[in-house]
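Visitor: Fold the following for me, if possible:
(one chain, ligands or ions: 1)
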Amino acid sequence: MAGRGKWKSSFGFVLAAAGSAVGLGNIWRFPYVTGKNGGALFLLVYLVAVVLLGLSVMYAELSLGRYTQRNPVGAFNAIKPGSIWRGVGFLGVITGVGILSYYSVIAGWTLYYMFTSAAGKFGEGITQAQVDRIFSSFTSSPFLTVLLLFVFILITSYVVSKGISSGIERWTGILMPLLFVILVFLSIYSLTLPGASRGLKFYLSPDFSKLNFNIILQAIGQAFFSLSLGMGAMITYGSYLSKEENLFAAGIEVVTFDTLVAFLAGIVIFPAVFTFNLSPSEGPSLIFKTLPFIFSKLPLGRIFGTLFFILLAIAALTSTISLVEVATSYLVDERKVRRPKAAFLVGAAAFVIGIPSALATSVKPFTNFVLGKDFLSFMDFIWANLSLPIGGLLLSIFVGYVWGARKAAKEIRGYRQGKFPGEDIWIFLIKYLVPVALLLILGSILI
Ligand code: PHE
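Guide: Residues are numbered from 1 along each chain as shown. This next block holds a predicted model:
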């Protein structure tokens, strides 16, 4: 297709895909979901889910995207024209907007913390009560949370409106490595804290007797969320990839980097949680109540804290860019909407849908919406824990049986001769293990 744009280089693609994957999912969501689900055992189940399900689905998405060179709806349609499989692509488009709506609320929180840190509010000797007060006075302000949601979505739509390589590729390249370096540094510091051994025990020494369906469901949801899978983000990014690139290597690189960042985030957070007597099962506010203590103790903590939240906001931005990009590429390819208009339309929709999530910490009934969850947690459950695994299930059936795993494998191989490493294992996983595992787990929550 003419005029769709391409990545300038394969490194640019890996960075952009890693940029999509690495975000609040790794640094905000992973530690709190791990903390809520008992720590080490969750980490273990999560890693298994990443290797067996995540990597397999990553290849399925990238190959489908590159083969068809289309947005998710167009990709399914290119292989089975006129069939209802298009609906899977469409579910992805909707899921992207759904996730974007509340994800940007938390991204807005990172902006607030960036300013708070810059203003020197996380100073030495900060108390628990002060940290709590900073968090609750901000999150109980409907005006601020909605405003920052708006700002964040606006920035995202602006970048996406500028198009694929000038916008997305340029942004990601420089700052991701910096975030990584800071995380390594912070984790080394955390390991010197007095609560480090208790933190590490919680995080790394599993108690197998606690294993249950809910932990598995949460771990799978987290794996899909963190790797940006199950909604066509990787189909879309793969579609901008040229035939020369090595999909096999790209997939492993993205998955490894993403998992490493999440793992490090846990190494930063849990020692601090135990040192400062916080609760690992605090929930979505976990990092916002833990990190200020770390920065307050660090030499040059004000600068570090500010830099950290700037980088976290940027990591969130490279993820929201991919969320907006899915629906935008759909509107551009299939509905012939001009890119800038499409990007701002998607942003506007997500902003409106996101308002109740922005009010989830301040305004009734959103503070306690259904099933004891506030609106934001409710959205997160629907989109991340249900919709992404459902998308992954349908995608694996489509690639495994409708398109055909052999044909997909050929696309992963590219122009290279012979099978890619682990090709037969991948075919087994995508045809049998992935759909069966997802079906079982999704089935179990219905019952
Ligand atoms: N993977 C992103 C993160 O970890 C979130 C995301 C999910 C982005 C799904 C795109 C699609 O923050």
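Visitor: Tell me how far the residue nearest to L62 when sequence neighbours are not counted lies from the ligand.
Guide: Among residues not flanking L62 along the chain, G238 sits closest, at 3.9 Å (Cβ to Cβ, 6 or more residues apart in numbering). C-betas here are computed from N, CA, C, even on glycine. Distance of G238 to the ligand, given as Cβ to the nearest ligand atom, to the nearest Å: 13 Å.
Visitor: need the contact list for G238.
Guide: G238 is in contact with 61-66, 247, counting by Cβ atoms under 8 Å, 6 or more residues apart in numbering.
Visitor: Could you count how many residues lie near G54?
Guide: 29 (other Cβ atoms under 10 Å).
Visitor: and if you look at the one 5 residues further on?
Guide: Here the neighbour count serves as a burial measure; for Y59 (other Cβ under 10 Å) it reads 29.
Visitor: close enough to count as contact, it and I412?
Guide: Yes: under the criterion of Cβ atoms under 8 Å, Y59 makes contact with I412 at 5.6 Å.
Visitor: can you list residues touching both of these two?
Guide: 247-248, 251, 426.
Visitor: Return the member of the residues you listed nearest to the ligand.
Guide: Checking these against the ligand by Cβ to the nearest ligand atom gives G251 as the nearest, at 14.7 Å.
Visitor: From the ligand, how far out is V332?
Guide: Taking Cβ to the nearest ligand atom, one finds V332 at 18 Å from the ligand.
Visitor: Tell me how far that residue lies from V326.
Guide: Counting by Cβ to Cβ, to the nearest Å, the gap from V332 to V326 is 11 Å.
Visitor: Looking at those two, which has the bigger crowd around it?
Guide: V326 (30 against 23).
Visitor: Right, and the ligand sits closest to which residue of the chain?
Guide: G25 (2.1 Å).
Visitor: List the contacts of that residue.
Guide: 222, 225-226, 228, 262, 319.
Visitor: Buried ones from those residues, can you make that a ChimeraX selection?
Guide: For the buried members of the contacts of G25, the matching ChimeraX selection, counting by 16 or more other Cβ atoms under 10 Å, is:
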select :222,225,226,228,262,319
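Visitor: Quick check: helices, which of the contacts of G25 are part of them?
Guide: Residues of these located in helices (DSSP state H): 222, 225-226, 262, 319.
Visitor: Restricting to the residues you listed, which residues neighbour the ligand?
Guide: The subset of these within reach of the ligand, by Cβ under 6 Å from any ligand atom, is 225-226, 319.
Visitor: just to revisit the earlier point, with pLDDT added, can I get the ones in helices among the contacts of G25 in CSV?
Guide: Formatted as CSV, the ones in helices among the contacts of G25 follow (pLDDT from 0 to 100):
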residue, pLDDT
Q222, 96
F225, 97
S226, 98
A262, 97
S319, 94
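Visitor: contacting residues around W426?
Guide: 56, 59, 405, 409, 412, 420.
Visitor: Check A262 too.
Guide: 25-27, 30, 226.
Visitor: rerun at 6 Å
Guide: Residues in contact with A262 (Cβ atoms under 6 Å, 6 or more residues apart in numbering) are 26, 30, 226.
Visitor: what residues does the protein put near the ligand?
Guide: Proximity of the chain to the ligand is confined to 20-21, 23-26, 99, 225-226, 228, 231, 233, 319, 322-323 under the rule Cβ under 6 Å from any ligand atom.
Visitor: Which pair of the residues you listed spans the longest distance?
Guide: N26 and M231 (17.2 Å; Cβ to Cβ).
Visitor: Specify which residue of those two has the higher count of neighbours.
Guide: Set N26 next to M231 and count neighbours by other Cβ under 10 Å: M231 wins out with 35 against 29.
Visitor: Remind me which helix or strand the more buried one belongs to.
Guide: Remark: M231 resides in no helix or strand, with elements defined by DSSP states H and E.
Visitor: what helix or strand does R198 sit in?
Guide: helix 196-204.
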